[in-house]
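Engineer: Pasted the sequence and its predicted model underneath.
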Amino acid sequence: MRFQFRFVGALIAVVALVFTGLPAQAAEIAPTRITGVLTNIDGDVVRNVTVRFENVDTGRVSDTSPDVDGRFGSTLPAGDYRVSASSHQDPAREAYGALWYPGVGTAGEAQIVSLTEGRTVDTSWQLGAVGPGVTGIVTDALTGQPVAGASVSLDGPLRTWETTNRDGRYRFSMLPPGEYDVRVDSPSDGDYVVATTSLTVSEGFTTWSVSAEPTGTLRVTTGRYSSVRADLIPVGEEREIHAPTGSNVVNAEDLPPGDYHLRISPERGVHDFVETWWPAGETRADAGIITIRSRQTTEITADLVRGGVVEGRVVSAGTSAPVAGAYVTAYTSAGVEAGWAQADGDGRYRILALRSGEYRITSSGNGHSRLSTTARVQLGETTPLDIALSPRGALSVTVSADEMIVGRTVSLYDGDLKLIAKRQLSERGLSETVTFDDLDAGEYFLGADGSSDILGGWYDGASTSAGARTVTVVPGEVTPVDYRLSVATAANSGSISVAAVGPRGEPVTGSAVWLYDADGVVRGRDLLQVDPVTFPALPPGDYRLRFADSTSEHRYRYTTTWWGGSDLADAILIHVDAGKTTAVRPTLARTLPSESATIVGTLSSKLPELFEGARVIAWAETRNSVARAGTGIVDAKGRFQIVGLLPGRYHLQMDDHPRWTDGVAPVWLASEGDWRTSRVFTLAEGQTVRVDEKMPDETDQPNHATLRGIVRESGAPVPGAVVTVRGRTETVTVRTDSSGRFEAWLEGGHKTTVEVAARTTTVKYSTQVTGVNRRISTLDVALTRVLATPTPTLSAAPTVGRSVTARTTGWTSGTTVTYQWRRNGKPIASATKSSYTPVAADRGAKLTVTVTGKKAGYATASRTSAAKAVGYGTLTSSTPRITGATARGKTLTVQPGAWTRGTSLTYQWYADGVRIKGATRSSLTLTSGLVGDKISVKVTGSKSGYATHSRSSAATARVRR
């Protein structure tokens, strides 16, 4: 037994050595500890803290608390430690400073405590002084007793919160100095009014104690309707307190004591009642006062008041038919919408829940004009109101001219010249019909914009609305209008040429110029360029100009203004005479001071024409980037000018003009990268800096090229022409500018089709657009006018033997036309007249006629009719007549009469309507078997291409013996 005990004791000792890894004599080494005492600045021991030991190497921590004498200590493994103290509650609200040993404020300043085996290190230190803070006590305003558990929150340089203790006290310490908003909320089981204030925290403690006022309750019984909303508004205030509803009772709890107004409003399902101010007022001025007292429940009864009603029928004036779907809206005297309804299938409507007063009732819709009337409404009463609406009308405007009208715009104005609607003409012809519908009855003005060959202006050719002819819209009717546009000639039109300059005489480019007629209607818009901008085909009269910056880089360069005035009324009048061009050179005021700087320069290259029309953009340096500051346009010699720049540092970039299609890729001058590596140009006030730059040969993208050209007619440039360029993989559409020029950018090295549509002309070209080595191809387009070409029609359905005529009207006056008839698309020999008689060979074929027009100065044009299948012809015939005596042994002969030439005739005789076998000749000998019968004959005609036709004779008298 003694042996067993010794064996077990030895085993335990071995196991202990294995697990500790220490020699047996280690049990005799003294403990390894960190100890100390914490005191405050008054020398008093501090107990209400936690002391933490943090191993610097492993990050492991160990916590302890001081005893009643303020002493702390902990046995720890050997190593390096930081020692700190913190509050038992929240480290963000420490009551002491210098929380890190040996009395410093941060971990970075803390002294490392090195602990070796068997050593005890004393780390006593003094905690710092209490920092700035806020303290106070919360008590009940009625009883004076402390309020425990109230929530006190701070919002300022530090956002934090605290709850009051059983004595109602709270305390915040170690706060960053500054302004704080303080808020006291009720305990979870309390009912106090929220209290707030603002405090300045600097040194020491700021005290704010609160006498919390208990809240009250309002209970409202709302009668039979539960779908109501209750809102309380304190007397003398505008803030609203929404009270939740349940069943027929409104419970508003936790209300601050005081006087209130109560508003009851209908909610979903309650449609015919109005908002009511307790006890029964329509406005807040009529409301009664409800007093809420602390810890008391105030009970009242409130109910909704039934509103007034406006109801009736909406009918169409004249027919009294109901206007289903019409909207009827009631507006207060202040113009506020008070209610609306939509008429049902019988035209009936009903607007509910209206307050007492006079309303403006409007109705419109379903193709009828808007009508406005008034109605007087009383609470709880119904006001009957039937409404008769006038049906709206429409205008069907047929626009025509002797030139192509595609692209022109027809505008409709009311009697006050307010624009109602626009219609752009899209048909490539001389005539098109557009419709303006859903119009109120009355007088209207029509106007059209012009082009280089179409005269703009007002309907009936007037240059101002005073002389214009109005059109009348009749209720419920479509009024046709024939609007004939005049061709612009030297006898009836002139033009205005505009070249705007800045204060120093520099040309203004890129800004927009607007042309207005004497009535203030816009008659044209364009962008200013180095070359003058022309507004052509203007009716003689007076006009005005308005200038406006159109892009961001010009926003600070020139003032947006009327030329010569502040508005339309006092702007300078520009008079236009027929056959003359009035040239003006307005000087625009600069937004920037006159001391602004300028950059001028020249771009040189092996292909200088590449850069004509491109932009040179000045970018001003900002803190970390650049901002667009100005733009200059490169002329044919590579020159450019950028004006209106403020003093500063700039970078220059060349880019294509926005009116073109990126023919030149963007490139920063004197740079192989972005603006950061480009050359800097420093400008002083009033300074002009010159920049002469040799451009690299390769400035556009590989395998892309620029196609440039000019469109002319009779040697004159054609502005506004639509140029469509179709390459191998892409299609680009551009318009010619005021000088007739165009530019397109597309893949080079391939055959390209160019289609130009302008005026009455559509021309197609094919050209080779080269690749990057010769980046520019040019194409001059010479336009010839195209005849107006109506499609011919046939006068009748074609049949063999019947003449058919080609009908073709509407060709340009003076046009000579020729004809070619075609069978299945192939010309018919000698069929070249306006009429043609189909022959047997045409039967079943498709017949068409091609009309070709020719006129000096115009391109020859042809139009082909729709194909029509040729039907069978109809044989002409006569009623056969029988001659000879009707007696046995006699011979009867048939006289067939006149038939279509070439018709083959066959015969068949009948006795009393029964076919006589073998009687198929033109004569018949009467046998004894025919005695007593009446004889008749049927003649049948046939001819190739014609339908077979038969005619029967009248029956003879009965055959005698």
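Structural biologist: Sure thing, it's come through.
Engineer: For residue 465, grab phi and psi.
Structural biologist: With angles defined as degrees, to the nearest 10, residue 465 sits at phi -70, psi -20.
Engineer: wait, what's in contact with it?
Structural biologist: Residues counted as contacts of residue 465 (C-beta atoms under 8 Å, 6 or more residues apart in numbering) are 413, 417, 445, 458, 519, 521. Where you see a C-beta, it was placed from the backbone N, CA and C, and this is true even at glycine.
Engineer: does the fifth one really touch residue 417, like I thought?
Structural biologist: It stands for residue 519. Yes. Between residue 519 and residue 417 there is a contact under C-beta atoms under 8 Å: 5.7 Å.
Engineer: and these two? which has more neighbours close in?
Structural biologist: residue 519 (18 against 12; other C-beta atoms under 10 Å).
Engineer: With residue 379 as the reference, measure out to the more buried one.
Structural biologist: Using C-beta to C-beta, to the nearest Å, we find residue 519 at a distance of 51 Å from residue 379.
Engineer: Look at the closest residue to residue 930 other than its chain neighbours and say how many residues are nearby.
Structural biologist: With sequence-adjacent residues excluded and distances taken as C-beta to C-beta, 6 or more residues apart in numbering, residue 930 is closest to residue 959, at 4.8 Å. By other C-beta under 10 Å, 23 other residues sit near residue 959.
Engineer: separation between residue 959 and residue 891?
Structural biologist: As judged by C-beta to C-beta, residue 959 and residue 891 stand 12 Å apart.
Engineer: what does residue 883 give?
Structural biologist: Between residue 883 and residue 891 the distance, using C-beta to C-beta, works out to 10 Å.
Engineer: go on, residue 678?
Structural biologist: Using C-beta to C-beta, residue 678 is found at 120 Å from residue 891.
Engineer: Tell me which of these two has more neighbours.
Structural biologist: Between residue 678 and residue 891, counted using other C-beta under 10 Å, residue 678 has the larger neighbour count: 20 against 11.
Engineer: Could you pull out the strands in the stretch 601-750 of the chain for me?
Structural biologist: With DSSP state E, counting those that start in this stretch as the criterion, the stretch 601-750 of the chain has strands at 615-621, 626-633, 639-645, 648-655, 667-668, 681-683, 688-694, 704-713, 716-717, 722-726, 731-735, 741-747, 750-758.
Engineer: List the neighbouring strands of the fifth one plus their orientation.
Structural biologist: In the sheet containing strand 667-668, its partner strands are strand 648-655 (antiparallel), by DSSP bridges.
Engineer: And for the partner strand, what's in contact with it?
Structural biologist: Identification of contacts with strand 648-655 by C-beta under 8 Å, 6+ apart yields 599, 603, 611, 614-621, 626, 629, 634, 664, 666-669, 675, 678-683, 691, 693, 695, 699.
Engineer: Give me the buried positions along it.
Structural biologist: Across strand 648-655, burial judged by 16 or more other C-beta atoms under 10 Å covers 650, 651, 652, 653, 654, 655.
Engineer: before we move on, what about stretch 811-827?
Structural biologist: Using 16+ other C-beta under 10 Å as the test for burial, stretch 811-827 gives 811, 812, 815, 817, 819, 820, 821, 822, 823.
Engineer: Out of those residues, give me the two with the largest separation.
Structural biologist: Maximum pairwise distance among the buried residues of stretch 811-827 (C-beta to C-beta): 29.4 Å, between 812 and 823.
Engineer: you'd agree residue 321 is up against residue 315?
Structural biologist: Yes. Residue 321 lies in contact with residue 315 (C-beta under 8 Å); the separation is 6.3 Å.
Engineer: So between the two, which is more surrounded?
Structural biologist: Shown here are residue 321 and residue 315; by other C-beta under 10 Å, residue 315 has more neighbours (20 against 11).
Engineer: partner residues bridging the more buried one?
Structural biologist: Assessed by DSSP bridges, residue 315 has beta-bridge partners residue 322, residue 388.
Engineer: ditto for residue 374
Structural biologist: In beta-bridge terms (that is, DSSP bridges), residue 374 pairs with residue 360.
Engineer: So what's the residue count around it?
Structural biologist: Residue 374, neighbours per other C-beta under 10 Å, totals 11.
Engineer: Next, the contact list for it, please.
Structural biologist: 358, 359, 360, 361.
Engineer: which one is residue 151 nearest to, not counting chain neighbours?
Structural biologist: Leaving out its chain neighbours, the residue that sits closest to residue 151 by C-beta to C-beta, 6+ apart is residue 185, at 4.4 Å.
Engineer: which regions of the stretch 201-350 of the chain sit below the pLDDT cut-off?
Structural biologist: The stretch 201-350 of the chain contains residues with pLDDT under 70 at 223-227, 244-247, 268-270.
Engineer: cool, and the stretch 1-150 of the chain?
Structural biologist: Along the stretch 1-150 of the chain, segments meeting pLDDT under 70 span 1-30, 41-42, 87-98, 105-106, 128-131.
Engineer: tell me which residues in stretch 335-349 are buried?
Structural biologist: By neighbour count on 16+ other C-beta under 10 Å, the buried set for stretch 335-349 is 338, 339, 341, 343, 347, 349.
Engineer: what's the answer for stretch 723-733, then?
Structural biologist: Residues of stretch 723-733 classed as buried: 723, 724, 725, 726, 727, 732 (neighbour count, 16+ other C-beta under 10 Å).
Engineer: Roughly how far does the first one sit from residue 741?
Structural biologist: Going from residue 723 to residue 741 by C-beta to C-beta gives 10 Å.
Engineer: Thought residue 154 was touching residue 178, still the case?
Structural biologist: No. Applying C-beta under 8 Å as the test, residue 178 and residue 154 come out as separate, 10.3 Å apart.
Engineer: how about the closest residue to residue 450 other than its chain neighbours, what does it touch?
Structural biologist: Nearest non-adjacent residue to residue 450, counting by C-beta to C-beta, 6+ apart: residue 456, 2.8 Å away. Contacts for residue 456 (C-beta under 8 Å, 6+ apart) come out as 447, 448, 449, 450, 523, 537, 538, 539.
Engineer: Return every residue with contacts to both of residue 959 and residue 891.
Structural biologist: By C-beta under 8 Å, 6+ apart, residue 959 and residue 891 have these common neighbours: residue 926.
Engineer: which one of the strands of the stretch 601-750 of the chain has the lowest average pLDDT?
Structural biologist: Per-stretch mean pLDDT for the strands of the stretch 601-750 of the chain is lowest at strand 750-758 (a mean of 65).
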